[in-house]
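Colleague: Sequence first, predicted coordinates after that:
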Amino acid sequence: MSQSGNNPAGKSIPAQLGPYPVAVEAGKAYAWCACGRSGKQPFCDGSHKGTGISPVLYKPEKAETVYFCGCKATKSQPMCDGTHATLPT
């Protein structure tokens, strides 16, 4: 996803208004996209370059399904905290 005049550098944009369920592996490192511009959501593909936003690293202790934030407005990065339910559609 490319950056446009409507989405200035330094501002995250929602990738979707809901979480991304992902079956994670214990001990594996994941780089969650915090900017919303990655084409490989919910993970970083380097599209944040020049935005001043960096991905958030996540390394689970156990294998399980987790819910990565899709709206990028969570206060519990990188996990969904339900904030998407309060955002305008």
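Modeller: Ah, there it is. Numbers count the residues shown, from 1 in each chain.

Colleague: what number of residues lie near residue 48?
Modeller: When neighbours are counted by other Cβ atoms under 10 Å, residue 48 registers 20. (C-beta placed from N, C-alpha, C; glycine too.)

Colleague: got it, and residue 36?
Modeller: Residue 36 is flanked by 24 other residues according to other Cβ under 10 Å.

Colleague: Likewise for the one 3 residues further on?
Modeller: Using other Cβ under 10 Å, residue 39 has 12 other residues around it.

Colleague: Could you do residue 86 as well?
Modeller: Neighbours of residue 86 (other Cβ under 10 Å): 8.

Colleague: What does it show for phi and psi?
Modeller: Main-chain dihedrals, residue 86, degrees, to the nearest 10: phi -100, psi 0.

Colleague: could you measure it against residue 75, distance?
Modeller: Distance of residue 86 to residue 75, given as Cβ to Cβ, to the nearest Å: 11 Å.

Colleague: go on, residue 58?
Modeller: 15 Å.

Colleague: quick one, which of these two is more surrounded?
Modeller: Taking other Cβ under 10 Å, residue 58 and residue 75 do not tie; residue 58 has more neighbours (19 against 9).

Colleague: any idea how far that one lies from residue 24?
Modeller: 8 Å.

Colleague: Need the overlap of contacts for the two.
Modeller: Common contacts of residue 58 and residue 24 (Cβ atoms under 8 Å, 6 or more residues apart in numbering): residue 30.

Colleague: Could you pull out the helices in the protein for me?
Modeller: With DSSP state H as the criterion, the chain has no helices.

Colleague: could you pull out the strands for it?
Modeller: 20-24, 30-32, 56-58, 64-68 (DSSP state E).

Colleague: ranking those strands by burial, who's on top?
Modeller: Highest mean neighbour count among the strands of the chain (mean count of other Cβ atoms under 10 Å): strand 30-32, with a mean of 20.
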